[in-house]
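Novice: I'll drop the sequence and a predicted model, then ask my questions.
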Amino acid sequence: MRATLSEHALRSTMSCAAVIVAAGRGRRAGGDIPKQYASVGGEPVLRRTVRTFASHPRVDTISVVIHSDDQRDAEEATDGFGCHLVRGGPTRQESSFNGLKAMEKAAPDIVLIHDAARPFLSHAIIDAAIDGANRHGAAVAGIPIVDTIKATDAAFQVLETVPRERLWRAQTPQAFRYSLILGAHQAARTKALTDDAAVAEAAGLPVVMTEGSEENFKITTADDLQRANQLAIRDISSTVTLIGSGFDVHAFEDGDHVTLCGERIAHSHALKGHSDADVALHALTDAILGALAAGDIGQHFPDSDPQWRGVASDVFLQRALDLVAERKGRLINLDLTLICERPRLQVHRDAMIRNLAALTGLTTRRIGLKATTTEKLGFTGRGEGIAVQAVVSLSVPDEY
Ligand code: MG
């Protein structure tokens, strides 16, 4: 979702959306919930899948197609990612079509369609699929078959050894030029086809295979769920946790509102600053940069540079989050302490937390936000400004 400036310049002409199909009822993996909501490595399968798309710089929007019974589970699993939730249909094909129809207005150039129950896809797989669709119209992640393939009769008697040289196992994501796959789905409404690529093939569209991976398997059985847990634990054990702290102060000046955590709050004064003076987002940005040992906000966005004048501070935060994504890391949690006598912040707390969730992709349960005074002591006590302390933790691969 987050493009760095240079990537953005290169790719801003192409928009890309993801449709994650999560409407299935599959319970073969055991338990009484559909497999896409089963817990893997301490979180729902769907959340892990969504995160991989959300952290991909070329993916602009994410729609998750869900069953009507799963509304609450889906909201919880996608909390903070800003996904659109779309109602599924009675078959996968119809669910996928519903997801495509729901983005008719936005009409992205490329759409990726992915099974929620494949949580171990990688950014490289997504890139290969997008590039394939861009060049050829339709692309399917898959793996060439290496086993010898036998065809049998009903009594399992071998009829022939099938040449395997050109056989692939198809996975998802499957990527398409949006207008092509939407049209193909409309034309395929009376046919029952097994995947979106088959829908494209039925419409006579050329489809290419791109590189998938063994880890990009679909969780179907209880064994699959166990394998998924092992992979998740391996990922966790090969990461380290980094902590960062940030601190910022802005003074009051004449004005009628302050901006804190992206929330406009009416007040007798404004905060003085080069940008929108969102002292909370500045402290948070510095905390993230601190965890990465990547300098500070002043280095990345110098006061002397006129391009940052009046800019909304979420631009600064986004840049810090881009650096986290570039290092294949992710935020674990954040905790802010806002220090001032006035304005009173308690009534704005929920709105600020929601903004932080939307900006960072964290679930609201991983966002701490406290407001305190300094008992009328010091500059905050005298009402001269607002101070904010921020602490974040990040998880990054151990090689970093
Ligand atoms: Mg500042």
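Specialist: The structure has been received and is ready for your questions.

Novice: going forward, measure contacts and count neighbours with C-alpha atoms only.
Specialist: Will do.

Novice: Put the alpha carbons of stretch 119-134 into PDB.
Specialist: Coordinates of the C-alpha atoms in stretch 119-134 are reproduced here as PDB (Å, rounded to 0.1, in the frame of the first residue of the first chain):
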ATOM      1  CA  PRO A 119      -1.400 -16.800   4.000                       C
ATOM      2  CA  PHE A 120       2.300 -17.400   3.000                       C
ATOM      3  CA  LEU A 121       2.400 -15.700  -0.300                       C
ATOM      4  CA  SER A 122       5.400 -13.300  -0.700                       C
ATOM      5  CA  HIS A 123       5.800  -9.800  -2.200                       C
ATOM      6  CA  ALA A 124       7.900 -11.400  -5.000                       C
ATOM      7  CA  ILE A 125       4.900 -13.600  -6.000                       C
ATOM      8  CA  ILE A 126       2.600 -10.600  -6.100                       C
ATOM      9  CA  ASP A 127       5.100  -8.600  -8.200                       C
ATOM     10  CA  ALA A 128       5.500 -11.500 -10.700                       C
ATOM     11  CA  ALA A 129       1.700 -11.800 -11.000                       C
ATOM     12  CA  ILE A 130       1.200  -8.000 -11.500                       C
ATOM     13  CA  ASP A 131       4.000  -7.800 -14.100                       C
ATOM     14  CA  GLY A 132       2.600 -10.800 -15.900                       C
ATOM     15  CA  ALA A 133      -0.900  -9.300 -16.000                       C
ATOM     16  CA  ASN A 134       0.500  -6.000 -17.100                       C
END
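
Novice: For that stretch, give the mean pLDDT please.
Specialist: What stretch 119-134 shows for mean pLDDT is 96.

Novice: residues in contact with that stretch?
Specialist: By Cα atoms under 8 Å, 6 or more residues apart in numbering, the residues outside stretch 119-134 that reach it are 45-46, 48-49, 52-53, 56, 110, 112, 138-141, 173-177, 208-213, 215-218.

Novice: now, which of these lie within helices?
Specialist: Judged by DSSP state H, the subset of the contacts of stretch 119-134 located in helices is 45, 46, 48, 49, 52, 53.

Novice: picking up where we left off before, any of the contacts of stretch 119-134 buried? List them.
Specialist: Neighbour counting with 16 or more other Cα atoms under 10 Å marks 45-46, 48-49, 52-53, 56, 110, 112, 138-141, 173-177, 208-213, 216-218 as buried within the contacts of stretch 119-134.

Novice: Show me which residues of the lengthiest helix in the chain are buried.
Specialist: The longest helix of the chain (DSSP H) is helix 222-237. Neighbour counts over helix 222-237 (16+ other Cα under 10 Å) mark 225, 227, 228, 229, 231, 232, 236 as buried.

Novice: Could you do stretch 49-62 as well?
Specialist: So stretch 49-62, judged by 16+ other Cα under 10 Å, has buried residues 49-62.

Novice: Could you give the separation of it from the chain centroid?
Specialist: Taking Cα atoms, centre = their mean, to the nearest Å, the mean C-alpha location of stretch 49-62 is offset from the chain mean by 4 Å.

Novice: What of stretch 257-273?
Specialist: Distance, stretch centre to chain centre, for stretch 257-273: 29 Å (Cα atoms, centre = their mean).

Novice: Pull that stretch out as PDB, backbone CA atoms only.
Specialist: Provided in PDB are the C-alpha atoms of stretch 257-273 (Å, rounded to 0.1, in the frame of the first residue of the first chain):
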ATOM      1  CA  HIS A 257      -7.600  24.500  16.600                       C
ATOM      2  CA  VAL A 258      -4.800  22.000  17.000                       C
ATOM      3  CA  THR A 259      -4.200  18.800  15.000                       C
ATOM      4  CA  LEU A 260      -3.300  15.800  17.100                       C
ATOM      5  CA  CYS A 261      -3.000  12.300  15.700                       C
ATOM      6  CA  GLY A 262      -4.600  13.600  12.500                       C
ATOM      7  CA  GLU A 263      -7.600  14.800  14.500                       C
ATOM      8  CA  ARG A 264      -8.700  18.500  14.200                       C
ATOM      9  CA  ILE A 265      -9.500  19.600  17.800                       C
ATOM     10  CA  ALA A 266     -11.000  23.000  18.500                       C
ATOM     11  CA  HIS A 267      -8.900  25.100  20.900                       C
ATOM     12  CA  SER A 268      -8.200  28.700  21.900                       C
ATOM     13  CA  HIS A 269      -4.800  28.400  20.300                       C
ATOM     14  CA  ALA A 270      -3.100  26.700  17.400                       C
ATOM     15  CA  LEU A 271       0.300  24.800  17.500                       C
ATOM     16  CA  LYS A 272       3.200  26.600  15.900                       C
ATOM     17  CA  GLY A 273       5.100  24.700  13.300                       C
END
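
Novice: Show me what the mean pLDDT comes to for that stretch.
Specialist: Averaged over stretch 257-273, pLDDT sits at 96.

Novice: low pLDDT regions in the stretch 251-400 of the chain?
Specialist: Along the stretch 251-400 of the chain, segments meeting pLDDT under 70 span 400.

Novice: All the helices of it, residue numbers only.
Specialist: All helices of the stretch 251-400 of the chain, identified by DSSP state H, counting those that start in this stretch, fall at 279-291, 297-300, 314-326, 349-360, 378-381.

Novice: Enumerate the positions of the fourth one that are buried.
Specialist: Of the residues in helix 349-360, 349, 352, 353, 354, 355, 356, 357, 358, 359, 360 count as buried by neighbour count, 16+ other Cα under 10 Å.

Novice: The third one now?
Specialist: Buried residues in helix 314-326, defined by neighbour count with 16+ other Cα under 10 Å: 314, 316, 317, 318, 319, 320, 321, 322, 323, 324, 325, 326.

Novice: Against which helices or strands is it packed?
Specialist: Contacting helix 314-326 under the criterion 3 or more Cα pairs under 8 Å, 6 or more residues apart in numbering; DSSP states H and E are the following elements: helix 279-291, helix 349-360.
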